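**Q** my questions concern the predicted model and sequence given below.
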Amino acid sequence: MDPKAVTDARTKMKASLDHLATEYRGLRSGRATPALVENIKVDYYGSATPIGQLAQIQVPEPRQLAIKPYDAGALKEIEKAIQASNIGINPQNDGKIIRLTVPMLSEEQRKKLVGRLKEMAEQAKIALRNTRRDANKHLDEAKDLTDDQVAKAKEGVQNLLKQSEGDVEKTLATKTKEIMES
């Protein structure tokens, strides 16, 4: 049975990995993907609502997105939100659908994007290490565990960290390859 600190560490490390994957999905890689715009917030009747909840997002062509709002009245607001989001794509509104054409990335843009990916991966690793530190601190303070149980639990947390850092590296390598090839 894992001590609570180890279970909490596992949960937090998984959350850090999920957050990194979500961040990576939202980066523009020269290919159209709904993740590029689905989390952009739109002022919809006074509340900030993600585009993914207001519209159907389709990929009719490899480098194009089509956004069709469920409520036609939200079209202008969605267009404004996309323009304000700084994703570097100008929306074309035909009155029913907003079309986004994702431009190809230059070699320089790709290299900058890979640098950004590495920064994000390093932030994820820092979060993972902080989780390990917190778990180890809780284990040290645990009154109901023997020294051997604490040592074994710390070893388990360290193995979780190594595995999670490996997952970060795999995710980084996959996304880097995708960006450099697109």
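**A** Received, thanks.
**Q** now the strands for this structure?
**A** In the chain, the strands defined using DSSP state E lie at 41-44, 47-50, 55-61, 64-69, 92-93, 98-101.
**Q** in TSV: those strands, plus mean pLDDT and mean neighbour count.
**A** C-beta here means a position set from N, CA and C on the backbone, and glycine is covered the same way. Formatted as TSV, the strands of the chain follow (pLDDT from 0 to 100; neighbours: other Cβ atoms under 10 Å):
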stretch	mean pLDDT	mean neighbour count
strand 41-44	89	18
strand 47-50	90	13
strand 55-61	90	15
strand 64-69	91	19
strand 92-93	90	13
strand 98-101	90	18
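**Q** isn't R129 right next to L161, touching?
**A** Yes. At 6.9 Å, R129 counts as touching L161 under the criterion of Cβ atoms under 8 Å.
**Q** neighbour-wise, which of the two wins?
**A** Legend: neighbour count by other Cβ atoms under 10 Å for R129 and L161, higher for L161 (19 against 13).
**Q** who wins for proximity to R10 among the strands of the chain?
**A** Closest of the strands of the chain to R10 is strand 47-50, at 28.5 Å (criterion: Cβ to Cβ).
**Q** low-confidence ranges in the protein?
**A** Along the chain, segments meeting pLDDT under 70 span 1-2, 26, 28-30, 182.
**Q** centre of it to the edge, which residue is at the far end?
**A** Most distant from the centre of the chain: T146, at 39.1 Å, with distances by Cα atoms, centre = their mean.
**Q** quick one: buried residues of stretch 4-13?
**A** Of all the residues in stretch 4-13, those buried under the rule 16 or more other Cβ atoms under 10 Å are A5, V6, D8, A9, R10, K12, M13.
**Q** so what are the domain limits for the chain?
**A** 4-25+106-181, 34-101 (automatic domain parsing).
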